[in-house]
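Visitor: this one's sequence-less:
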């Protein structure tokens, strides 16, 4: 019997990593206001020190979430049929996506249009006159913005679930090992071939580089969760994975500075994806080693993380819109936006979402909160990984 099927095996570490990754999104999306990249709300003064940390975080935050989501699909199938999982994922992914596009995302676009001088009236007037035209962003004002993660993940579910029988046969004959490092190569090849032709847009249509990138990562998580002993092996090899990831990024930065490697070259794409995949392997390994436990904080956070993810960017944009006009230093604004956005999301979740049955449903939560038991809690958490 594989480690996946062992009832004594613990996978709380994946919940911890998912919660941590979503927590990091607050820092990342607040940073988007100050890093000088194109975004919905931009502060006039930038924080140059954020550029490299933001670039590195961009390479790690969403890849980790998609890998965890892929593993979560596997765990959901331990106790449920493919049809059941598909029905459940439809409810937990499509419903929040549709509701989010009508209620959560439009305030972000409204603020952006105000800042750009493309709208000067009330939000209600904007919603009726612009959002309800259903013309897709950026030409129009109807979009999923940060909820692209949910849209793409649902399509990946449809693509990967039919592979279940083949994966079960394959996994029984393959052992985890250093060959897993080679999974970085398809990521690099995809970026080399498609990124310049189909730049990252999150619009699904003509977004082939990004779509394939995260499809591969979701599939990697799906496959790794099938391999007997994979998590233990990742834990044993965690130092090697981390060393490879750190070496690749140090060499890349040094090569950029000396001019040996050009940005968006083949070597850049391969090296960056070696960094991404090696670091994801390291995070999984260290997580398995040190985060394989549960406590009341995790019990709360595993339920709260998905609704907070849905809320967080809209809250950051709205808070940022008010704060960027203040005569404060950029770091002060960053800190104020970060703290206020976190506090507002927690207040909205605790005060509204988790307490109203209808809101629980549209935010992808269970209709009735359950207090997980020791073993049942593990199964529930894994099967609900988004």
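Guide: Everything's here; your move. Keep in mind that what you see is a predicted model, and the values were worked out from it rather than measured. Residues are numbered from 1 along each chain as shown.

Visitor: Where does pLDDT dip in the stretch 51-200 of the chain?
Guide: Along the stretch 51-200 of the chain, no part satisfies pLDDT under 70.

Visitor: What ranges does it have for its helices?
Guide: Assigned helices in the stretch 51-200 of the chain, in chain order: 51-76, 82-89, 95-99, 106-116, 123-129, 148-160, 164-171, 184-194 (criterion: DSSP state H, counting those that start in this stretch).

Visitor: Reformat these as TSV; add mean neighbour count.
Guide: Bear in mind the C-beta positions are built from the backbone N, C-alpha and C, glycine included. Formatted as TSV, the helices of the stretch 51-200 of the chain follow (neighbours: other C-beta atoms under 10 Å):
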stretch	mean neighbour count
helix 51-76	21
helix 82-89	15
helix 95-99	18
helix 106-116	19
helix 123-129	14
helix 148-160	19
helix 164-171	14
helix 184-194	19
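
Visitor: right, and those helices - which one's nearest residue 16?
Guide: helix 51-76 (10.2 Å; C-beta to C-beta).

Visitor: leaving aside the residues next to it on the chain, what's closest to residue 93?
Guide: Once flanking residues are discounted, residue 93 sits nearest to residue 154: 4.3 Å by C-beta to C-beta, 6 or more residues apart in numbering.

Visitor: Isn't residue 161 up against residue 73?
Guide: Yes. Contact criterion C-beta atoms under 8 Å: residue 161 and residue 73 qualify, at 7.2 Å.

Visitor: Overlap in contacts, those two.
Guide: Both residue 161 and residue 73 are in contact with residue 85, where contact means C-beta atoms under 8 Å, 6 or more residues apart in numbering.

Visitor: how far off helix 148-160 does the longest helix that the chain contains point, in degrees?
Guide: For the chain, the helix with the greatest residue count under DSSP state H is helix 296-323. Going by axes from the mean of the first three to the mean of the last three C-alpha atoms, to 10 degrees, helix 296-323 is angled at 130 degrees with respect to helix 148-160.

Visitor: buried stuff in helix 296-323?
Guide: 298-299, 301-321, 323 (16 or more other C-beta atoms under 10 Å).

Visitor: can you tell which of the helices of the stretch 51-200 of the chain is closest to residue 284?
Guide: For the helices of the stretch 51-200 of the chain, proximity to residue 284 was assessed by C-beta to C-beta; helix 51-76 is nearest, at 7.3 Å.

Visitor: mind checking how far that closest one is from the chain centre?
Guide: 5 Å (C-alpha atoms, centre = their mean, to the nearest Å).

Visitor: and if you look at stretch 350-363?
Guide: Using C-alpha atoms, centre = their mean, the offset of stretch 350-363 from its chain centre is 22 Å.

Visitor: looking only at pLDDT, what's the mean for that stretch?
Guide: Model confidence over stretch 350-363, given as mean pLDDT, is 95.

Visitor: Any buried residues in it, and which?
Guide: Buried-residue list, stretch 350-363, by 16+ other C-beta under 10 Å: 353, 354, 359, 360, 361, 362, 363.

Visitor: Now do the end-to-end distance for that stretch.
Guide: 13 Å (C-alpha to C-alpha, to the nearest Å).

Visitor: got it, and stretch 177-195?
Guide: 30 Å.

Visitor: any residues touching it, and which ones?
Guide: With C-beta under 8 Å, 6+ apart, stretch 177-195 has contacts from 208-209, 212-213, 216-217, 220, 224, 233-234, 237, 241, 244, 264, 266, 269-274, 276-278, 281.

Visitor: Please pick the buried ones from these.
Guide: Buried among the contacts of stretch 177-195 (16+ other C-beta under 10 Å): 209, 212-213, 216-217, 220, 224, 233-234, 237, 241, 244, 269-274, 276-278, 281.

Visitor: among those, which are in helices?
Guide: Per DSSP H, the buried ones among the contacts of stretch 177-195 map to helices at 209, 212-213, 216-217, 220, 224, 233-234, 241, 244, 269-274, 276-278, 281.

Visitor: about what we covered before: would you mind measuring from the residue nearest to residue 93 to residue 222?
Guide: 14 Å (C-beta to C-beta, to the nearest Å).

Visitor: Same question for residue 326.
Guide: 46 Å.

Visitor: More neighbours: these two, which one.
Guide: Neighbours were counted for residue 326 and for residue 222 using other C-beta atoms under 10 Å; residue 222 has more, 24 against 11.
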